[in-house]
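Student: following is a predicted model, sequence given first.
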Amino acid sequence: MQGKLIKASKKLASTPRYVSPNQLTLAGFETPFEQKLTSENRWVKMAGAIAWDQIVVHYNNLFQSAEGRPPISGRVILGAMMIKHIEGLTDRRTIEHIQENMFMQYFLGYSSFTNEAPFSATLFVEIRKRLSLELLSKINDVIALHCIKAEETDNPPAPPKDNIENDEQQGDAIAAINKAAENESLPATAVVETTATVDTQVPTNKGKLITDATVAPQNITYPTDLKLLNAARQKSEELIDILYNQELHGQAKVRTYRQMARKDFLNTAKKKAKTSKAIYKANGSQLRYLKRNLGHIETLLKVYPVFPLAPKEQKYLMVLHTVYLQQEQMYRTHTKSVEDRIVNIHQPHVRPIVRGKDGAKVEFGSKLQVAIVKGFTFIDHLSWDAFNESRYLSHTVEKYKERFGFYPAEVLADQIYCTRDNRKKLKEKGIKLIAKPLGRPSSTAVAVHLRPGERNPIEGKFGQAKVAYGLDNIKAKLKETSESWIASIALVLNLVAMTRQALVPLIKYYYFILKIISDEIYSYQDKIYFLKMRTLSS
């Protein structure tokens, strides 16, 4: 006879008791402010890791006059920009998050929680105009260099004097151990001296520089000649409506044929398969409409004694004339390219950048020359025109020396950078270019060949910036604000890298403490010999 099965006991989750909404009051609602804020929060950690005193001074230098209302705190302004791009928020959502999040307010330097907004969301546009690419690059350099130097100069504490008989031996031992800690990333030829005459001369070249170029596309519709001409025609019609004055120009308003022009545009634009002949014919039709409207605008302007258009409208008029001249030239010569080609009338600074990559043969935005040093990102060159990145390798190397005080020992770059001229310049500076040698491959070619995986850090950094922080879709419209947007993303990348590397100095700190106070049967000379052999084998 079979026994009865024992029923397994289950631990049920606790069920919260229902509380009527009428019993909840805001005045008596318990808040975390009755306790201390947790130090494990990411905003608290980041607030303590950023050198605010060094970066806020750069922002405060924008306000030289002591008259008028004092400006908003530089930490609030810079911190709000960091929060916006770290979280990928809009301007209004950023202000809402700051109002609701006590950790974000702590990050901005607030002494207590407040429900008030730090500033109006519309002020973000003016803030981006103030935070130029040059200013944000300085702030970015301060944060990155602060973290890099803090990592390099992280020294272990001195051992107790009770365990050392000779003070001179103590000084020599500690100096040698500290030297080994600082020079942990040096080449294998570095030797730790155990005598009082330690060679503290900094090597001429030090570190590794990874550089490459990428494009930051703007948030615009994919441009075609037909769509561009249609947008220009519509804007010209708006300018005619603004300029027409019944008292100055009479009862009869100039004809624009806007309904016919719109119909002609849609008849071609709606076709799924458009032949080159149909596109050419539609472009010619829109060109003639645009030419007619520009002529009407000139006629209307002649009657005014003073130029009536506002600066923004005047800029649009200049752009329309340029678009017509460029499109008319391509239409007449049957070509598809022209110098300084405008692809969007609202953002005339945007240029097509030919990339030749899968899925993005041509991108429309700014081109960046980026350098990566120990995981930190630096924008060395930004241009709205296409450029050959190999011409700016020397500029990137000089920027490296300007930041760190010495040239890099190695440069990792794509094949396009490895020209004869660049190889010669790097060789003169004692810099090793990790690339395939010129000429017939020799037995030593493998030793200096750049493997695809060695450039993964910078490719991964591009992916992180575009996927996580919106570098592939710059939503600012002005040239200055777009550059500020791009520089802010580079700043956020370094903040993320800073938080990830925050534990490295602490780990090295305790590592050397344990090495010093561990096995006491060894003398300090033996410990120095151990560190010397460890450095040579790394």
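Tutor: Sure, I can see it. Numbers count the residues shown, from 1 in each chain.
Student: in the lengthiest strand in the chain, what's buried?
Tutor: Of all segments of type strand in the chain, defined using DSSP state E, the longest is strand 360-373. Neighbour-count burial for strand 360-373, with 16 or more other Cβ atoms under 10 Å as criterion, is recorded at 363-373. To be clear about C-beta, it is placed using only N, CA and C from the backbone, and glycine gets the same treatment.
Student: show me where the stretch 401-538 of the chain dips below the pLDDT cut-off.
Tutor: By pLDDT under 70, the low-scoring segments of the stretch 401-538 of the chain are 441-453, 501-538.
Student: can you pull out the strands in it?
Tutor: 410-412, 432-434 (DSSP state E, counting those that start in this stretch).
Student: including distance to Asn267 and mean neighbour count, could these go into JSON lines?
Tutor: Shown next, in JSON lines, are the strands of the stretch 401-538 of the chain (distance: least, Cβ to Cβ, whole Å; neighbours: other Cβ atoms under 10 Å):
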{"stretch": "strand 410-412", "distance to Asn267": "53", "mean neighbour count": "22"}
{"stretch": "strand 432-434", "distance to Asn267": "57", "mean neighbour count": "18"}
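Student: give me every residue that touches Met81.
Tutor: 127, 131, 488, 491 (Cβ atoms under 8 Å, 6 or more residues apart in numbering).
Student: tell me which of these fall in helices.
Tutor: Per DSSP state H, helices hold the following members of the contacts of Met81: 127, 488, 491.
Student: what's the single longest helix in this structure?
Tutor: helix 276-303.
Student: on that earlier part again, out of the strands of the stretch 401-538 of the chain, which is closest to Gln259?
Tutor: strand 410-412 (59.3 Å; Cβ to Cβ).
Student: after the worst-scoring helix or strand of the chain on mean pLDDT, next one along is what?
Tutor: Within the chain, no helix or strand scores below helix 167-182, which has a mean of 49 by mean pLDDT, DSSP states H and E. As assigned by DSSP states H and E, the chain's next helix or strand after helix 167-182 is strand 208-217.
Student: which residues does that next one contact?
Tutor: 353, 355, 363-373, 380, 389, 393, 396-397, 400, 408-414, 417, 455, 457-459, 462, 471-474, 482, 486.
Student: average model confidence for it?
Tutor: Across strand 208-217, pLDDT averages out at 94.
Student: just how off-centre is it within its chain?
Tutor: Counting by Cα atoms, centre = their mean, to the nearest Å, strand 208-217 is centred 11 Å from the centre of its parent chain.
Student: downstream of that strand, the next helix or strand is which one?
Tutor: helix 225-243.
Student: I'd say Val343 and Leu228 touch.
Tutor: Yes. Val343 lies in contact with Leu228 (Cβ atoms under 8 Å); the separation is 6.7 Å.
Student: residues near His97, how many?
Tutor: Each residue near His97 was counted by other Cβ atoms under 10 Å, and the total is 15.
Student: correction: the previous question concerned Arg351.
Tutor: Neighbourhood size, Arg351 [other Cβ under 10 Å]: 19.
Student: got the contact list for it?
Tutor: Per Cβ under 8 Å, 6+ apart, neighbours of Arg351: 340-341, 343, 364, 384-386.
Student: three-state assignment of Ile86?
Tutor: helix (DSSP: H, G, I helix; E, B strand; the rest coil).
Student: ok, the spatially closest residue to it that is not a sequence neighbour - how many residues close by?
Tutor: Counting by Cβ to Cβ, 6 or more residues apart in numbering, Ile86 lies nearest to Val492, which is 5.3 Å off, once chain neighbours are set aside. Look at Val492: counted by other Cβ under 10 Å, it has 26 neighbours.
Student: which element is Gly68 on?
Tutor: Counting by DSSP H and E, Gly68 is found in no helix or strand.
Student: again but with Arg355, I slipped
Tutor: strand 351-357.
Student: and that strand, which residues are buried?
Tutor: 351-353, 355.
Student: in its sheet, what does it sit against?
Tutor: strand 360-373 (antiparallel) (DSSP bridges).
Student: pull the CA atoms of the very next helix or strand once past the partner strand into PDB?
Tutor: Next helix or strand after strand 360-373 toward the C-terminus (DSSP H and E): strand 376-383. Provided in PDB are the C-alpha atoms of strand 376-383 (Å, rounded to 0.1, in the frame of the first residue of the first chain):
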ATOM      1  CA  PHE A 376      38.500  58.800 -22.300                       C
ATOM      2  CA  THR A 377      37.200  60.600 -25.400                       C
ATOM      3  CA  PHE A 378      38.600  63.900 -26.900                       C
ATOM      4  CA  ILE A 379      37.200  65.700 -29.900                       C
ATOM      5  CA  ASP A 380      40.300  67.100 -31.700                       C
ATOM      6  CA  HIS A 381      38.600  68.400 -34.800                       C
ATOM      7  CA  LEU A 382      35.000  69.100 -35.900                       C
ATOM      8  CA  SER A 383      34.000  70.300 -39.400                       C
END
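Student: quick one, strand 376-383 and strand 360-373 angle?
Tutor: Counting by axes from the mean of the first three to the mean of the last three Cα atoms, to 10 degrees, strand 376-383 lies at 130 degrees to strand 360-373.
Student: what's the lowest-pLDDT member of the buried residues of strand 351-357?
Tutor: Arg355 (82).
Student: I figured that one hits Val362, correct?
Tutor: Yes. Contact criterion Cβ under 8 Å: Arg355 and Val362 qualify, at 6.7 Å.
Student: next, format the strands of the stretch 401-538 of the chain as JSON lines and append distance to Ile50.
Tutor: Shown next, in JSON lines, are the strands of the stretch 401-538 of the chain (distance: least, Cβ to Cβ, whole Å):
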{"stretch": "strand 410-412", "distance to Ile50": "29"}
{"stretch": "strand 432-434", "distance to Ile50": "33"}
